[in-house]
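[1] Got a predicted structure here, sequence first:
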Amino acid sequence: MTNAPYGLLAELTHQCPLHCLYCSNPLALRPRDEELGTEDWLRVIREAAELGVLQVHFSGGEPLVRGDLEELIAEADRCELYTNLITSGLGLTENRAKALVGAGLNSAQLSVQGDTPESTDQIADSKRFDKKREAAGIIRDSGLPLNMNVVLHRLNLDRLDSIIDVCDAWGAERLELANTQYYGWGLRNREVLLPSRDQLARAEAVYRRRKQELAGRMELLWILPDYYEPYPKPCMGGWAHSSFTVAPDGTAYPCPVAAEIDGMTFPSVRTGPLERIWAESPAFQAFRGTDWMPDPCRSCSRKEIDFGGCRCQAFALTGDAARTDPVCVHSPDHHLVRDAVQRANSDDPAPEPVFRRSASPRPPGRAASGP
Ligand code: SF4
Ligand code: FES
């Protein structure tokens, strides 16, 4: 029998004021005029609750771009769902924060890219460091706990001590130190972003020291850099196992990166109820459980631990989503990861970074307003 999903990632829009080098959103962003309208999102939220979902993460792009965010949060709250906002903080005002909390928002996660305006611009190509500091204050003053997130890579790992200081000074209660996962735009910039082994070891030592020092004040979490691990991460806890994503245009995916897998057809919430999508759609069934696995996973003792790793990474690196994640040392494609790691530890100069640009700026539909 299929589990009920636990979490819904509601990607309300791909519009975003930042241009991050590591963005894992698909290369083809959905434009505003293809976004789901308010009524459809309200229905999706209700159907998610009926399906057993307990948490909704409102994300994007930048979800604050949507003028109906409060309405959607209120509906989730009425359905007794836990609501979390994943935001760059840009566009957040005191009044907006009040309205979001009034609608029932339970928590917010604010992203930062660096510890100074200059280091932030180097990664996000957006002169908004001061706005992020302001947003942190607004979130705290609204009564929500301040959760923060920083994506770590070659360009900022050596500044980790100082990044943690900034998050501490801004009042973060929890800080997720997420080593870059190489999907979408991030994969395009992989040679710019992939750190050296020494750099990672130094940063991990900083993390361990600061975790102890800050215990009781700020919780630090270290998300593993999987290119340097012998085994892959149990991505999404297994394909279509406990959560799913609805993209801005209403396409439902077992994970936020699956849009990149060519040759798979994913269902849309516009044409069928979530219950049927979750339980019956061929795309959700494709890699559920362990029956689909090829060797070496099929006969591996870790197959119920990491589920063969990440389907999107397997596709991105080999062109076949059904292969063992090349991060795994047992994968016949492991050389693809090993070679990238070798280059990151060589003296070869890194290529120029390529900043991401947003989806085409068409006029907003009913549901959207500017940040
Ligand atoms: Fe995981 Fe497959 Fe590697 Fe075994 S062979 S560790 S199941 S990815
Ligand atoms: Fe899609 Fe891992 S990101 S399965």
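    Sure thing, it's come through. Numbers count the residues shown, from 1 in each chain. Ligands and ions are numbered 1, 2, ... in the order given.
[2] Residue in the stretch 51-200 of the chain with the shortest distance to ligand 2?
    Residue nearest to ligand 2 within the stretch 51-200 of the chain: Tyr183 (6.2 Å; Cβ to the nearest ligand atom). In short, each C-beta sits where N, CA and C put it, glycine included.
[3] isn't that residue right up against Ala258?
    No - using Cβ atoms under 8 Å as the test, Tyr183 is too far from Ala258 to be in contact (9.9 Å).
[4] Quick check: neighbours shared by these two?
    Common neighbours of Tyr183 and Ala258 (criterion: Cβ atoms under 8 Å, 6 or more residues apart in numbering): Cys312.
[5] Quick check: nearest residue in space to Gly186, chain neighbours excluded?
    Excluding the flanking residues, the one nearest Gly186 by Cβ to Cβ, 6 or more residues apart in numbering is Tyr22, at 4.2 Å.
[6] scratch that, Arg78 is what I was asking about
    That would be Gly104: by Cβ to Cβ, 6+ apart, it lies 7.8 Å from Arg78.
[7] Go through the helix or strand of the chain with the lowest mean pLDDT and flag the buried ones.
    When the helices and strands of the chain are scored by mean pLDDT, DSSP states H and E, helix 117-124 comes last with a mean of 79. Of the residues in helix 117-124, Ser119, Thr120, Asp121, Ile123, Ala124 count as buried by neighbour count, 16 or more other Cβ atoms under 10 Å.
[8] Tell me the helices and strands packed up against the next helix-or-strand element following it.
    Scanning forward in sequence from helix 117-124 by DSSP states H and E, the next helix or strand is helix 129-141. Helices and strands in packing contact with helix 129-141 are listed as helix 94-103, strand 107-112, helix 117-124, strand 146-152; criterion 3 or more Cβ pairs under 8 Å, 6 or more residues apart in numbering; DSSP states H and E.
[9] Spell out which parts of the protein neighbour ligand 1.
    For the chain, the contact set with ligand 1 under Cβ under 6 Å from any ligand atom comprises 231-232, 296-297, 300, 302-303, 306, 308-309, 324-325, 328, 330.
[10] returning to what we had before: between Tyr183 and Ala258, point out the one with more neighbours.
    Neighbour totals were compared for Tyr183 and Ala258, and Ala258 leads with 28 against 25 (other Cβ atoms under 10 Å).
[11] If we ignore the residues flanking it in sequence, what's nearest the more buried one?
    Nearest non-adjacent residue to Ala258, counting by Cβ to Cβ, 6+ apart: Cys312, 5.9 Å away.
[12] In terms of pLDDT, where does that neighbour sit?
    Listed pLDDT for Cys312 reads 96.
[13] Same question for Gly61.
    At Gly61, the pLDDT recorded in the model is 89.
[14] In contact with it, which residues are there?
    Glu11, Leu12, Thr13, His14, Gln15, Cys16, Asn25, Leu29, Pro248, Ser358, Ala359.
[15] Go ahead and confirm Trp239 touches Thr290.
    No - with contact defined as Cβ under 8 Å, Trp239 and Thr290 do not form a contacting pair (10.4 Å).
[16] Find residues that contact each of the two.
    Contact criterion Cβ under 8 Å, 6+ apart; residues shared by Trp239 and Thr290: Phe307.
[17] For Tyr205, which three-state class applies?
    No, residue 205 isn't Tyr; it's Ala. What DSSP: H, G, I helix; E, B strand; the rest coil gives for Ala205 is helix.
[18] no no, Leu177
    strand.
[19] Please report the distance of it from Tyr183.
    Per Cβ to Cβ, to the nearest Å, Leu177 is found 18 Å from Tyr183.
[20] what's the answer for Leu160, then?
    Leu160 is 22 Å from Tyr183, where distance means Cβ to Cβ.
[21] Could you do Leu85 as well?
    22 Å.
[22] neighbours around Gly171, how many?
    Counted with other Cβ under 10 Å, the neighbours of Gly171 add up to 16.
[23] Is it correct that the residue nearest to Arg78 is in contact with Ile73?
    Yes - the pair Gly104 / Ile73 is scored as a contact, 5.5 Å apart, by Cβ under 8 Å.
[24] mind listing what the residue nearest to Arg78 touches?
    Ile73, Ala74, Ala76, Asp77, Arg78, Thr83.
[25] Report the distance from stretch 163-180 to the chain centre.
    How far stretch 163-180 lies from its chain's middle: 17 Å, per Cα atoms, centre = their mean, to the nearest Å.
[26] Count the residues that sit near the closest residue to ligand 2 within the stretch 1-150 of the chain.
    Of all residues in the stretch 1-150 of the chain, Ser24 sits closest to ligand 2, at 7.9 Å by Cβ to the nearest ligand atom. By the criterion of other Cβ under 10 Å, Ser24 has 18 neighbours.
[27] tell me the contacts of it?
    Ser24 makes contact with Gln181, Tyr183, Gly184, Trp185, Gly186, Pro256, Val257, according to Cβ under 8 Å, 6+ apart.
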